[in-house]
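# could you work out the structure for the sequence below:
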Amino acid sequence: NLADYAHLRSGQIRSDQSTGVTLALALLPSARWFISVGTRGEWNLSNSTAFTFRAVRALVEALWAFVDRQSLYAQIDIGRYDFYDEPFDTRFTNTRLDTRASLTFAYRFRLTSDLGFQLVYRHQSASSNDCDAFDPQRDDQGLPIFSRSYSCFGRNRLEASVRYEF
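Sure, this is the predicted structure:
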């Protein structure tokens with residue numbers, strides 16, 4: 001089923017060539033603030049139409065060192081991915097379009113020059129015209145008959161780490 005989705009012959013290896021360009025403006029409003037606002041264009045050419053895409057992303061980052069040895073970091077990354085050669089559903093002729101978003105918050109605390117603590121929250125989500133128009137009809141193995149992409153998801157992750165440098 002995966003080979004059928006990727007339009008590759010049995011035993012054929014997927015091959016991709018990727019490139020991207022990022023333009024960003026960095027701002028330093030004060031000694032304790034760093035802000036970056038930008039955009040990124042990406043292109044991925046693959047021998048599989050299921051993995052050939054172009055994307056445009058909006059990027060925002062901010063770092064605030066609010067007291068000595070403590071800082072907050074935030075990042076927003078929102079992008080639109082156009083799989084321009086990949087029909088998203090065999091019933092339609094239009095192609096797959098994804099919207100992906102990532103939101104990250106991090107708190108960093110440096111106990112000493114050698115010991116630090118970090119707490120990170122990440123939210124990632126993706127939606128696609130594929131799953132928005134998903135047909136729940138299934139075949140005998142329980143696989144979707146029409147929709148071939150599994151590109152819609154949401155995920156929350158909380159991480160804590162301690163770092164000691166020696």
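# how about low-confidence regions in this structure?
When residues are selected by pLDDT under 70, those of the chain lie in 1-5, 87-93, 130, 132-139, 141-150.
# could you point out the longest strand in it?
Longest among the strand segments of the chain by residue count, using DSSP state E, is strand 70-87.
# on the three-state scheme, residue 131 is what?
Here residue 131 is recorded as helix under DSSP: H, G, I helix; E, B strand; the rest coil.
# I'd like to know how many residues surround residue 39.
14 (other Cβ atoms under 10 Å). To be clear about C-beta, it is placed using only N, CA and C from the backbone, and glycine gets the same treatment.
# which stretch of helix or strand covers it?
Using DSSP states H and E, the element containing residue 39 is strand 33-46.
# again, but for residue 8
Applying DSSP H and E, one finds residue 8 in no helix or strand.
# hmm, it is touching residue 46, no?
No: checked against Cβ atoms under 8 Å, the pair residue 8 and residue 46 is beyond contact range at 9.7 Å.
# from the contact counts, what lies against the longest strand of the chain?
Strand 70-87 is packed against strand 53-67, strand 95-110, with contacts defined by 3 or more Cβ pairs under 8 Å, 6 or more residues apart in numbering; DSSP states H and E.
# show me the beta-bridge partners of residue 110.
Taking DSSP bridges, one finds residue 116 as the beta-bridge partners of residue 110.
# what about residue 50, which SS state?
Residue 50 - assigned by three-state DSSP - is helix.
# sorry, that was for residue 151
Look at residue 151: counting by three-state DSSP, its state is coil.
# any idea how far it is from residue 14?
Distance from residue 151 to residue 14, counting by Cβ to Cβ, to the nearest Å: 17 Å.
# give me the more crowded residue out of the two.
In this view residue 151 and residue 14 are compared by other Cβ under 10 Å, and residue 151 has more residues nearby, 20 against 13.
# so what's the more buried one closest to, chain neighbours aside?
Counting by Cβ to Cβ, 6 or more residues apart in numbering, residue 151 lies nearest to residue 128, which is 4.2 Å off, once chain neighbours are set aside.
# give me the neighbour count for the one you found.
The tally of other residues near residue 128 (other Cβ under 10 Å) stands at 22.
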